[in-house]
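Trainee: Next input, structure requested:
(2 chains)
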Protein chains: 2
Amino acid sequence: MVEYNAPKRDYDFLLNEVLNVIPTIQKLGFSEFDKEFLSMLTEGWGEHVKEVWHPINQLGDREGLEFNNGEITMPKEFKDAYRESVDAGWLSTSCKPEHGGMGVPILFQSVIWAEFGTSANMALSVLPALTIGVYDILAEHGEQELVNYFAKNLASGEWAGTMCLTEPHAGTDLGIISTKAVPQDDGTYLVTGTKIFITYGEHDLTENIVHLVLAKTPNSPEGTKGISLFLVPKFMPSEWKSEGLAGMTDELNSEHNGVTCSGSEEKMGVHASPTCVMNFDQSVGWRVGDLYSGMPLMFEMMNRERLATGMMGIGLAEIAYQNALAWAKERRQGRDLKGVQEPNELADNILVHPDVRRMLLVAKVNNEGCRALAAWTGLLLDQRRSDDKEEAEMANSLVALFTPIVKAHFTDLGCETVSTCMQVMGGAGYCTEYGVEQFYRDVRISKIWEGTNGIQALDLAGRKVTEKLGKNLRYILWPLTDFINENKSNPQMTEFNKPLHQGVRGLQQLTLQMIAEGQSNPHFLAAGATDYCRYFGNVLLAYMWARIAKVCLDKQDDQYYVAKLASARFFFKRIFPETLGLAAKIQAGHKTLMDYPLEMM
Amino acid sequence: MVEYNAPKRDYDFLLNEVLNVIPTIQKLGFSEFDKEFLSMLTEGWGEHVKEVWHPINQLGDREGLEFNNGEITMPKEFKDAYRESVDAGWLSTSCKPEHGGMGVPILFQSVIWAEFGTSANMALSVLPALTIGVYDILAEHGEQELVNYFAKNLASGEWAGTMCLTEPHAGTDLGIISTKAVPQDDGTYLVTGTKIFITYGEHDLTENIVHLVLAKTPNSPEGTKGISLFLVPKFMPSEWKSEGLAGMTDELNSEHNGVTCSGSEEKMGVHASPTCVMNFDQSVGWRVGDLYSGMPLMFEMMNRERLATGMMGIGLAEIAYQNALAWAKERRQGRDLKGVQEPNELADNILVHPDVRRMLLVAKVNNEGCRALAAWTGLLLDQRRSDDKEEAEMANSLVALFTPIVKAHFTDLGCETVSTCMQVMGGAGYCTEYGVEQFYRDVRISKIWEGTNGIQALDLAGRKVTEKLGKNLRYILWPLTDFINENKSNPQMTEFNKPLHQGVRGLQQLTLQMIAEGQSNPHFLAAGATDYCRYFGNVLLAYMWARIAKVCLDKQDDQYYVAKLASARFFFKRIFPETLGLAAKIQAGHKTLMDYPLEMM
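Mentor: Residues are numbered from 1 along each chain as shown, chains lettered A, B, ... in the order given. Prediction:
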């Protein structure tokens, strides 16, 4: 029943006509990366997930996984699909050619790959997304011997990766973890402890699983400052005898490296994505990066996964929208309030009803807006590696600022959008047969994964906005102010530029207030963080829509651009006004929260 | 794991201290209904569902029902619990004593019964709620012979009832149904047709199931004007031979009356509430009410069910809140931003974090506010039957106006609240073990059942506000204006009265604009309906909070009232400001919706 078509045209439009990415990307060293290649990649990946991943998405939800004696068996169809993707090279697009990767810009992997993959099969998409994260940390910070042994198999997807952070008593607060890593004479560590909520901690899609584990060494400083990062494989090389990895083959020891899975959570959605309790018992591991650098390294990977999680919001919202729209186009109920549209039919199509259109357009326009901001963020990820220091600094600053917003706002909107799409379908939306209810369950985890959205908001308001004396913020206020000034004298742009200007002014005022009040009372800042993050997200989307509108104003002889301009109008009239209420809530401060008698909650 | 305690104190407070219901109810003829009896009922029902219904709620979700050869088998535990409730008389509280009922005010059944029942076990609560709806229609409009035969067994819950409206092509739009009812010489009808989405259409909790079926008689007028209502039992009396029901015993024919269940929907939640495809094949039925009066009668029942569905929003939000709070009280992560609170612990309790409090208070305060408005609505249901014509007219007007708001706003908030409570719990919230994910799935249907929330909003904006030349609206504006004026000179009330006043002024302006613009273009009104309904809901909640605040201002030596006043403050500072954005969206009108190029959606 459920259908999916990757929104390729949207990416062509955004990347070429709005962001003009190719010259920037070529300057970054991808000299042969042109429009045609990008288009081919986008189309190829869209086709691949449509044909290979999407058809087994409902099956994954229904069958889920089997947990038996510490082993997790995935549905056979998942194994076949994963194999097909590995063989086709689709899991290594952004990895270095020296490790067998395609070496294309991160933009592709972090945005287009992520959106299409999660739309088609969120449960399956999570594994390669994690593996790439592990690969990146290893390739960037691992010692040569480790890289030599692990990078190639991680890049291809032959082996998989995980992030092991959370412990039963330590989720958001990693400073209190108790997993230990004891150094050995040969330079390895023996890692012991229990980690929970480990996505794909155990499964049979790959021969080996490479865990990145946060742990504390003996006598390490307290809190997050004493944490280091360790690479711990499920299986060791068959010949390994404490003499280093050099010369070791991919042949693996049949006995596991003290790494066992003692349970798998039953959960509301993503049934085909294992969520494991992992035990490490004197497991051999190697430190990655410096001693006590565990947190910054993990954040590096985590930030990557935060963007990936944000893309899940768009991905699920997009496929939900496509299915609700298809359903609406077939459904006839009632008559147009302005008069019968199709007298020969028992009823008019439900798209004549303003409220049905409202629901579908909120979904569509939020998806399109988020996609635009995601595309820009993807480009910035590549620009961070620029040799031009100023470009790199700008990119680093904006990525730092955008990461919590992409994670929190996109997943909040994603959950709302899937719900709205379900609502369009009425009772059918709630029934398993039509598929949207799976998206509703699956997408909900995205607000929790990789730091809850409340944590994202605190990261934005309490850290990203203020750090480096507000430099991150200035890097977005500059282009915003330039854009607003450039378009002030263009009457066609007024309907977009004016509310954008108001939104930016509001953002500046709220930011000043948050910082000023927050200095005397950090509760003020924390109390407003969630609404501030949503306000900020709205302003960034407004900026994207104003830029899109500008591009489309001159191209109104093509319906594609007519619709994009209409989307921009819808955004400013029907979505952006929520900033009014958000501002009032932020300004209300912390008193009504913190004065509430705790024992009466 | 999941716990539940019925919020009895809140109802005692609302009914006695805010609404002072007892004198009003006694004047309506319930002369022996006093505070103590109400309190005893509330406590008794709260205990009953806690002990009998709640413990099997998760089991119902996991085991669900079995559909085999047209028969639905419910979990044995559900049969036992249902039996226990029938035997204890809990399913017939509002039924007439002459039919074996308790004869207590509808207020109890429609509000307190509904909230506690859905909190404890939504899937089970639906059946008696429907049965009571069928009983009420029958007792009010059925011919004496029908009442004599069916009323007693429906009142007790020995037999169950259903509403059969929807057909595959006709949901919102009932005018196009094709089920036929052909009159017979003996005064009965033979009913033939297919109905879908029939809640508890088939099950084995009761010996007989009494269906109220919408159908068209031969040569009836087109559209909804030609619809009549028929009572069609699953089984006929064993002795029945077309000679009327007089003298028939409860002994039933073992062959069904042409009523079969051909399928049961697999759905996201309420797994232990069957959703059936029902086929009527020359099934013997009796007309209830006049020919062609099917729609008004069904609306009478539907409106009752709409309020019941609204209560599901509160019910599920309440139990989700209780569990999120219990979880939060045990959870320690991070430190208070203003300084360590519990140095001897690894981390502070998460209630020190403003954002955690914000989430829990949004949940708590919305639950409390909705409960207050529900309690008032419940009282109005009884007042509709007053001998005092003016009281009855006031009550009828306000119930007409409040019904779509209670249905739509409470269920919108209910879904949001359960999601917020899940968010408080992080990953645990998403795992089956902790129970909240079931509430998240279950509560979602409430936005769809008994007319989607979009339909409720249209009913409010397009019918309830304008009908009878705006009389419904005047009946709420009068007490609102009186209250605002009364409290203008009370400085302690300013923080509540002033925003309430602004909200009411905004409501008046928006209403005028909706009507004025809507006259020239009904799309304007329809485009703003959903946001208008939410705006209106906020104003009603603001009124309840201002009234609550007034009661509590003088009682600040008791923490219960301190907390209630704090809740009122939270509402006005942190929830009510969303009206600012809603107003702007309503005023944006229909253009961005209706001008959107349809083929590009």
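
Trainee: what about the helices in the stretch 501-601 of chain A?
Mentor: Under the criterion DSSP state H, counting those that start in this stretch, the stretch 501-601 of chain A contains helices at A:522-553, A:559-570, A:578-587, A:591-594.

Trainee: how about the second one: buried residues?
Mentor: So the one you mean is helix A:559-570. A:561-570 (16 or more other CB atoms under 10 Å in any protein chain shown). For every residue, glycine as well, the C-beta is placed using N, CA and C.

Trainee: if we can go back for a sec, any chance of the helices of the stretch 501-601 of chain A in JSON lines, with mean pLDDT too?
Mentor: Below are these laid out as JSON lines (pLDDT from 0 to 100):
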{"stretch": "helix A:522-553", "mean pLDDT": "98"}
{"stretch": "helix A:559-570", "mean pLDDT": "98"}
{"stretch": "helix A:578-587", "mean pLDDT": "98"}
{"stretch": "helix A:591-594", "mean pLDDT": "96"}
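
Trainee: Which of those has the highest mean neighbour count?
Mentor: A comparison of the helices of the stretch 501-601 of chain A by mean neighbour count, using mean count of other CB atoms under 10 Å in any protein chain shown, puts helix A:522-553 on top with a mean of 24.

Trainee: at contact distance from chain B, anything in that one?
Mentor: Yes - using CB under 8 Å from any CB of the partner chain, helix A:522-553 reaches chain B at A:522-523, A:526-527, A:529-530.

Trainee: Between which two of the residues you listed is the distance greatest?
Mentor: With CB to CB as the measure, no two of these lie farther apart than A:Pro522 and A:Thr530, at 15.0 Å.

Trainee: can you list contacts of stretch A:577-594?
Mentor: A:503, A:506, A:510, A:513-514, A:517, A:521, A:523-524, A:526-528, A:531-532, A:534-535, A:538-539, B:354, B:357-358, B:361, B:566, B:569-570, B:573-574, B:577-582, B:584-585, B:588 (CB atoms under 8 Å, 6 or more residues apart in numbering or on different chains).

Trainee: Quick check on the residue nearest to A:Glu342 when sequence neighbours are not counted: phi, psi?
Mentor: Among residues not flanking A:Glu342 along the chain, A:Asp348 sits closest, at 5.5 Å (CB to CB, 6 or more residues apart in numbering or on different chains). Here is the backbone geometry of A:Asp348 (degrees, to the nearest 10): phi -80, psi 160.

Trainee: same question, A:Ile177
Mentor: Per-residue torsions, A:Ile177: phi -60, psi 150 (degrees, to the nearest 10).

Trainee: mind listing what it touches?
Mentor: So A:Ile177 contacts A:165, A:167, A:170, A:193, A:214-216, A:227 (CB under 8 Å, 6+ apart).

Trainee: can you list the helices of the stretch 501-601 of chain A in JSON lines and add distance to B:Ser39?
Mentor: Below are these laid out as JSON lines (distance: least, CB to CB, whole Å):
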{"stretch": "helix A:522-553", "distance to B:Ser39": "38"}
{"stretch": "helix A:559-570", "distance to B:Ser39": "52"}
{"stretch": "helix A:578-587", "distance to B:Ser39": "37"}
{"stretch": "helix A:591-594", "distance to B:Ser39": "31"}
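
Trainee: Could you tell me the phi and psi values at the closest residue to A:Thr93 other than its chain neighbours?
Mentor: Residue nearest to A:Thr93 in three dimensions, not counting chain neighbours: A:Met102, with 4.6 Å by CB to CB, 6+ apart. The phi/psi pair for A:Met102 (degrees, to the nearest 10) reads phi -80, psi -20.

Trainee: Tell me, how many residues neighbour A:Met102?
Mentor: Residues near A:Met102, counting by other CB atoms under 10 Å in any protein chain shown, number 17.

Trainee: And for the helix or strand of chain A with the lowest mean pLDDT, what's in contact with it?
Mentor: Of all the helices and strands that make up chain A, strand A:252-256 has the lowest average by mean pLDDT, DSSP states H and E, namely a mean of 92. For strand A:252-256, the external contacting residues (CB under 8 Å, 6+ apart) are A:207-208, A:234-238, A:240.
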